[in-house]
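# Give me coordinates for this.
(2 chains)
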Amino acid sequence: MSPAPATCDPDIEIATATEFLLRNKKKANNFTWGELESAGHLSFIVENLPKDGSGCPGGWMFDAMMGHIGAAVQAIRGNWTYGDNLAAVNRLTASGIVSLADAARQTRTGRCAGSWEYTIVQVLPQSSGTAGAYTRVYALFKK
Amino acid sequence: MKPLVPIVIDQLRQQARAGIPLSQSLRLACSSFDKLDVIQHVRSAFTLNVRQVSPLAGWQALEGDLSDSQLDALLMPEIEHNRGAWDAGAARSSA
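Numbering: from 1, shown residues only, chains lettered A, B, ... in the order given. Take a look at the predicted model:
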C-alpha cells in the first residue's frame, strides 16, 4: 500500500528472482532498482528527486524491494560514488574519531540494512580516499 | 517499463567503439530521456548490472553530483570490462 497516495503511485515493473524495479508513476525521478548478484549480494539504486518531501520514500521502496527479494539476500552492498551516503560517510569520518565501518552503518543505506538485521559491516578494498574525503566507498552489510 | 529504443542502443555502442566518452554520447543520444530511461538504455547497451551502472544515477546532467569526467572514470572501465558481451565484432576478433 502506498504511504502517500497523492504523490506516490508505485508500479512494480520488474519482480523476478534476481531483480526488482519499482517506479513511481507520479514522479519521474523516483524509483528503486535492485539486482541480486551471484554471491547473493544485493546492489540497488534508490532515487527520489527533487528532495521536496513528495513521492515514494526511499526507505519504503527499500522495504518493498526486500519484501520481494530479501529471502535470497546474503549481503546488502553499498556502492557509494556520489550522493547522500557518501556525503554522510565523509561528514562522520572527518573528525578522525568515527571509523569508516561505523560511519557506513550510520548512513541511510546502513540504517535500512540494519532494519533488516544486516548489521555487520565489511568495507571493501576497492574503496578509495581518506577520512573525510572518500571518493568511492564500497561496503557489504551482512547478518 | 517503457520500451527501449534500439537506435539509441546502437548509437551508444557505436560511439563506445569509436572511443567517445559515455557522457558525451549520452548528451547526444539521450537528452530527452528521464533518469531511469537513461540508466535502462546504458545498462542494456553494455550489459551492465545494477552495481556497474549505478554511478549514472549520480551524474550532474541527471541532477546528481558527478561531473562528466568523474562519470566517465567510473563507467568507462565497466563498459570496457563487458566489451565481449556487447561488442560482437570485438568478441569474434579476440576469439
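
# any idea how far chain B is from A:His41?
Computed with CB to the nearest CB, to the nearest Å, the distance linking A:His41 and chain B is 8 Å. All C-beta spots, glycine's among them, are computed from the backbone N, C-alpha and C.

# could you list every residue that touches the closest residue to chain B within chain A?
Closest to chain B within chain A is A:Tyr82: 3.0 Å, counting by CB to the nearest CB. Counting by CB atoms under 8 Å, 6 or more residues apart in numbering or on different chains, A:Tyr82 touches B:55, B:57-58, B:64-66, B:70.

# Among the residues you listed, which ones lie close to chain A?
Filtering those for neighbours of chain A using CB under 8 Å from any CB of the partner chain leaves B:55, B:57-58, B:64-66, B:70.

# Just the element for the residue nearest the centre of chain B, please.
Centroid check for chain B by CA atoms, centre = their mean gives B:Val42 as the closest residue, at 3.6 Å. Here B:Val42 sits within helix B:35-45, counting by DSSP states H and E.

# what comes into contact with the helix or strand just after that helix?
Next along the chain after helix B:35-45, taking DSSP H and E as the criterion, comes helix B:50-53. With contacts defined as CB under 8 Å, 6+ apart, helix B:50-53 is touched by A:19, A:33-35, A:37, A:43-45, A:77, A:79, B:39, B:42-43, B:75, B:78, B:81-82.

# Restricted to helices, list those.
B:39, B:42-43, B:75, B:78, B:81 (DSSP state H).

# What is the nearest of those to chain A?
B:Ile39 (7.3 Å).

# and the contacts of A:Tyr82, which two are the farthest apart?
The most widely separated members of the contacts of A:Tyr82 are B:Ala57 and B:Gln70, with 13.0 Å between them, by CB to CB.

# Mind checking which of the two has more residues around it?
Between B:Ala57 and B:Gln70, B:Ala57 has the larger neighbour count (other CB atoms under 10 Å in any protein chain shown), namely 25 against 19.

# what's the pLDDT at the more buried one?
The per-residue pLDDT reported for B:Ala57 equals 96.

# In a helix, it, correct?
Yes. According to DSSP: H, G, I helix; E, B strand; the rest coil, B:Ala57 belongs to a helix.
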